[in-house]
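I would like the atomic coordinates for the input below:
(chains A, B, C and D)
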Number of protein chains: 2
Amino acid sequence: MSTPAGSRRRADAVRNRQLALDAATALMAEPGASLTVEAIARKADLGAATVVRAFGGKDALLDAAVSRLLEPVVRRARDLLAETTPTRALRVFLRELIAFQAAHHAVNDQLGGLELPATTALRADLVRAVEEMIDGARREGTVRTDIDPVVTTTLIGQTALAVARTRPPSQDLADAYLTVLLDGLRPRSERTGD
Amino acid sequence: MSTPAGSRRRADAVRNRQLALDAATALMAEPGASLTVEAIARKADLGAATVVRAFGGKDALLDAAVSRLLEPVVRRARDLLAETTPTRALRVFLRELIAFQAAHHAVNDQLGGLELPATTALRADLVRAVEEMIDGARREGTVRTDIDPVVTTTLIGQTALAVARTRPPSQDLADAYLTVLLDGLRPRSERTGD
DNA sequence: GAATAAATGAAATGCATGTTCCATTTATTA
DNA sequence: TAATAAATGGAACATGCATTTCATTTATTC
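Residues are numbered from 1 along each chain as shown, chains lettered A, B, ... in the order given. Below is the predicted model of the structure:
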């Protein structure tokens, strides 16, 4: 009666929620894994009902898992912006982004028609950080100004994702991508002939 | 042996097969269309069973439909190789390829884990044609030789697809892509500074 | 026009998946 | 330990889909 609000949430529920989250995250790093509730529950050693209930639905679970994966990526982008020049930040971040996406292909593949608010917000943060890199690089003269910054950002994001998607992952391809993209993004002072 | 005298195939079956093929093809050009047998059958004014039976399965139907769409694209690549310089062929073809893919997104989206032999073969033809363009362009000095030709081809194919996938389709993005990619693919005689 | 076999499509089946139910188990508090 | 309510998970349910069945329709042949 006088108990302090009585613990409404049981400890095992909290722990199981975490287990489900960990299982989902782990599956996203496994190539070819099918992110079904069943598979996640099996990996977490829980019943499917428990997994679903802990988040109120499969989508919310995936949203939480993807967000957790994406957070350090966004933080890294911000850190790079603070630590080094925009030009260098752009190159370093793109390389790391491709590696991350290649290691978590499910993050970008099987999440097609889902409603993932937290993930969407983080993606927006990421886009904003890349836009800052591009803005800075333009000011530094290493990125051409004859292409709209937003278009440039979209171009980078879409193509980086595509390169990361290729299976099996190829470091050669990633390297070639960075070389070609960054060269192509350089300003053309003159020289436009075929 | 190929066509025995006794008409083993009824005329309506042949016609309906064509209707199903047309319906599937049409749906592939409709953004957001969900290529279910049900939807294809409805569009063709046929029963779902008829559609499936005409091809022996949904996969075979999609394979036939995609192949029919892809054939003129492959032919166009070959024609360009015969008609003009590899450098010009590459640019023209890439522009057209993006437009085609953008207009038939379903061709590249919803066909993830399917077995489509004819489509796979045509894709290989297409890759071969692009490889020829790149080989030729290298000889012409418009494409860098410090990146493996196969890697270059993969890079082009994957990124072009990614650009085409963006919705809504953006001509600005497609133009930016072609500009950046082709510039980035140019040989770097010198000039390697940050 | 009758006979025959091929073709059709609405309904049934099978399968994979997400979600909900509810009898049982378990954490929590006193 | 007893009392209570929260949490669990196997089973049932719901949904969306491709495929198969089979009574009926239709093209084809004579």
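
quick one, phi psi at the residue in chain A that DNA strand D sits nearest to?
In chain A, the residue that lies nearest DNA strand D is residue A:47 (2.3 Å; CB to the nearest atom of the strand). Glycine gets a C-beta too; all of them are placed from N, C-alpha and C. Here is the backbone geometry of residue A:47 (degrees, to the nearest 10): phi -80, psi 150.

over to residue A:30?
Here is the backbone geometry of residue A:30 (degrees, to the nearest 10): phi -90, psi 120.

how about it, what does it touch?
Counting by CB atoms under 8 Å, 6 or more residues apart in numbering or on different chains, residue A:30 touches residue A:106.

state the number of residues packed around residue A:8.
6 (other CB atoms under 10 Å in any protein chain shown).

might one say that residue A:59 is in contact with residue A:113?
No. Using CB atoms under 8 Å, residue A:59 makes no contact with residue A:113, being 10.1 Å away.

the more surrounded of the two?
More crowded of residue A:59 and residue A:113, by other CB under 10 Å: residue A:59, with 14 against 6.

what is the helix or strand harbouring the more buried one packed up against?
Per DSSP states H and E, residue A:59 falls inside helix A:58-83. In terms of contacts (3 or more CB pairs under 8 Å, 6 or more residues apart in numbering or on different chains; DSSP states H and E), helix A:58-83 is packed against helix A:11-28, helix A:48-55, helix A:86-103, helix A:105-108, helix A:117-140.

what about the third one, distance to the chain center?
The offset between the C-alpha centroid of helix A:86-103 and the centroid of the whole chain comes to 11 Å, using CA atoms, centre = their mean, to the nearest Å.

quick one: residues in contact with the lowest-mean-pLDDT helix or strand in chain A.
In chain A, no helix or strand scores lower on mean pLDDT, DSSP states H and E than helix A:105-108, which sits at a mean of 81. Outside helix A:105-108, the residues within contact range by CB under 8 Å, 6+ apart are A:27-31, A:33, A:35, A:66, A:69-70, A:101, A:161, A:164-165, A:167.

what do you get if the cut-off is 6 Å, keeping everything else the same?
A:28, A:35, A:66, A:101, A:161 (CB atoms under 6 Å, 6 or more residues apart in numbering or on different chains).

next one: it, is it in contact with DNA strand C?
No. Judged by CB under 7 Å from any atom of the strand, helix A:105-108 makes no contact with DNA strand C; its nearest approach is 12.2 Å.

for that helix, output the C-alpha coordinates as CSV.
In CSV, the C-alpha atoms belonging to helix A:105-108 read as follows (Å, rounded to 0.1, in the frame of the first residue of the first chain):
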residue,chain,number,x,y,z
HIS,A,105,23.1,-5.5,-45.4
ALA,A,106,19.8,-6.4,-43.8
VAL,A,107,19.6,-2.9,-42.5
ASN,A,108,19.1,-1.7,-46.0
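
near chain B, which residues of chain A are found?
Within chain A, the positions near chain B by CB under 6 Å from any CB of the partner chain are A:147, A:151, A:154-155, A:158-159, A:162, A:166, A:172-173, A:176-177, A:180-181, A:183-185.

emit the ChimeraX select command for whichever of those residues are buried.
Of these, the buried ones can be selected in ChimeraX as follows, counting by 16 or more other CB atoms under 10 Å in any protein chain shown:
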select /A:147,151,154,155,158,159,162,166,173,176,177,180,181,183,184,185
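
count of neighbours near the residue of chain A closest to DNA strand D?
Other residues lying near residue A:47 total 14 when counted by other CB under 10 Å.

which stretches of chain A have low pLDDT?
Scanning chain A for pLDDT under 70 picks out the ranges A:1-7, A:190-194.

what residues does chain A put near DNA strand D?
For chain A, the residues in contact with DNA strand D under the definition CB under 7 Å from any atom of the strand are A:8-10, A:12-13, A:16, A:45-50, A:53-54.

farthest pair in the residues you listed?
Greatest spatial distance among the residues of chain A next to DNA strand D (CB to CB): A:8 and A:45, at 24.9 Å.

if we can go back for a sec, same list (the helices and strands packed on helix A:58-83) but as a markdown table, adding distance to residue B:95 and mean neighbour count.
A markdown table is the format used below for these (distance: least, CB to CB, whole Å; neighbours: other CB atoms under 10 Å in any protein chain shown):
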| stretch | distance to residue B:95 | mean neighbour count |
| --- | --- | --- |
| helix A:11-28 | 36 | 17 |
| helix A:48-55 | 45 | 17 |
| helix A:86-103 | 25 | 19 |
| helix A:105-108 | 26 | 20 |
| helix A:117-140 | 24 | 18 |
